[in-house]
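Undergrad: Quick check, what structure comes out for this input:
(4 chains)
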There are 2 protein chains.
Amino acid sequence: MIPERQSVSESVATRLSVYLRCLTLLESEEVRHVSSETLAQRFDLNSAQIRKDLAIFGEFGVRGVGYEVDTLKRHLLGLLGLDRTRRVAIVGAGHLGTALADYGGFHSGEFEIAALFDVDPGKIGTRTRTGVRVYDVSELPGVVESQGIEIGVITVPGEAAAEVAERCFGAGLKAILNFAPVRLNVPPGVRLKNVDLKINLETLSFYIAK
Amino acid sequence: MIPERQSVSESVATRLSVYLRCLTLLESEEVRHVSSETLAQRFDLNSAQIRKDLAIFGEFGVRGVGYEVDTLKRHLLGLLGLDRTRRVAIVGAGHLGTALADYGGFHSGEFEIAALFDVDPGKIGTRTRTGVRVYDVSELPGVVESQGIEIGVITVPGEAAAEVAERCFGAGLKAILNFAPVRLNVPPGVRLKNVDLKINLETLSFYIAK
DNA sequence: CCGTGTGAAGCTGTTCACAGCT
DNA sequence: AGCTGTGAACAGCTTCACACGG
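TA: Model prediction:
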């Protein structure tokens, strides 16, 4: 009935996260119940898709009534594995890495940036503005283990990314968000997502060209 | 024959950018000619897809031979509108905005971060490490016009994003890269791409959950 | 009667396989 | 002979439309 994670498509997983955000907004407006049609109209989604996405994981709605905002939100938090704080390590304490470490958007209890890593002796031992500590990359396995870190964010230059990725896998990280402009080969069981800023800009450029 | 930009799918546009990167790498290795099959094997792509993507825009290859690296690269640069430098404005001179402004990955001649914008009087008039100047957001239309800026990057907090986006449209920007965690409504003719870090992390979290 | 959950239809994007050009 | 360019097959995702349960 409930499918293997690997088999659920990226689009569905992404939309679950979108639905969660919509519900959080509705909750702050003290809306108690919502139908898939109302959700769809309000947030520019397709109602059938919402129902189908949710139905993959169970029957969260009530026929003839709709979904209870609070209940559905808790279900989504559970599905997304956000019923407990997930700890994140950022490898690469450059400007981007430290900006992400201090980025307010993550500090809602779902994610905690537990540590930064770098090779620069001048950075190791320091802390960011919000107090995230910078460790030597060689300490990655130990810190990941002791702090219960599960997700790695790679913000090193492209040349260093492949080696850093190997270290992340070796340290036991099971999910990687990669900002380096290179394609990484991941072992089975590890999930990778790329955020390639240059490719994003080039794609935009394509549509305004000519 | 050559299709309207709007009709070309996002995936194709993104892959053009990927192909460009592959060719740049081959060029640096002084490889002169390449077949779709070689490209596919080397960079883990599908050869039929490469051919089909390229064939949308013209006949860039030679049957029985393959593609000339240099020629194809120039075609791709042209298609992506990168045969001249595209100027970019970043709105939001916080840590993320300044990190992006100084990010080395852009400085290959294709893009130039021409200006930063903020509302904080303490930031206005300053420059980043690499010399990008911070302007008052109210100066957006004037600076966009005088500097020939075409692409906007939004790195303001979610609450401010909708208003900032309107200012970008008003200033005539035709492409927006949005880092704020909100869905923006764009007028026709403007291209939007979202980079939502929280959604990326939540999607990763989904796959390591349970 | 209303809105969910879902089979079926429709559509988009990917891959195959080969005709045709060099 | 070799590899591109491309119609046809295929796969996956989205949307429709309605049966079913509250």
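
Undergrad: Can you give me the neighbour number for A:T14?
TA: 17 (other CB atoms under 10 Å in any protein chain shown). In this view, the C-beta of every residue, glycine as well, is placed from N, C-alpha and C.

Undergrad: Mind telling me what element it is part of?
TA: helix A:10-28 (DSSP states H and E).

Undergrad: Now do the buried residues in stretch A:137-151.
TA: Neighbour-count burial for stretch A:137-151, counted by 16 or more other CB atoms under 10 Å in any protein chain shown, picks out A:137, A:140, A:143-144, A:149-151.

Undergrad: Can you name the next helix or strand after the helix holding A:T14?
TA: Next along from helix A:10-28, by DSSP H and E: strand A:33-34.

Undergrad: Run me through the strand neighbours of that next one, direction for each.
TA: Here strand A:33-34 has these sheet partners by DSSP bridges: strand A:67-68 (antiparallel).

Undergrad: can you tell if the strand it pairs with touches DNA strand D?
TA: No. Using CB under 7 Å from any atom of the strand, strand A:67-68 never reaches DNA strand D; the gap is at least 12.2 Å.

Undergrad: Tabulate the buried residues of stretch A:137-151 in CSV, adding columns for distance to B:L16.
TA: Converted to CSV, these look like this (distance: CB to CB, whole Å):
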residue, distance to B:L16
A:V137, 35
A:L140, 36
A:V143, 40
A:V144, 37
A:I149, 36
A:E150, 35
A:I151, 30
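
Undergrad: out of those residues, who's nearest B:D120?
TA: Distances from B:D120 to the buried residues of stretch A:137-151, taken as CB to CB, are shortest for A:I151 (31.5 Å).

Undergrad: hang on, the closest one packs against A:L173?
TA: Yes. At 6.6 Å, A:I151 counts as touching A:L173 under the criterion of CB atoms under 8 Å.

Undergrad: Now do the shared contacts for these two.
TA: Here A:I151 and A:L173 share the contacting residues A:A89, scored by CB atoms under 8 Å, 6 or more residues apart in numbering or on different chains.

Undergrad: Kindly give the local confidence score, pLDDT, for the nearest residue to A:C22 once chain neighbours are set aside.
TA: Excluding its sequence neighbours, the residue lying closest to A:C22 (CB to CB, 6 or more residues apart in numbering or on different chains) is A:F43, at 4.9 Å. In this prediction, A:F43 carries a pLDDT score of 97.

Undergrad: Repeat that for A:I154.
TA: A:I154 is given a pLDDT of 98.

Undergrad: Show me what it is bridged to.
TA: Assigned bridge partners for A:I154, using DSSP bridges, are A:V91, A:N178.

Undergrad: which ones are touching it?
TA: For A:I154, the contact set (CB under 8 Å, 6+ apart) comprises A:91-92, A:161, A:164-165, A:168, A:176-180, A:184.
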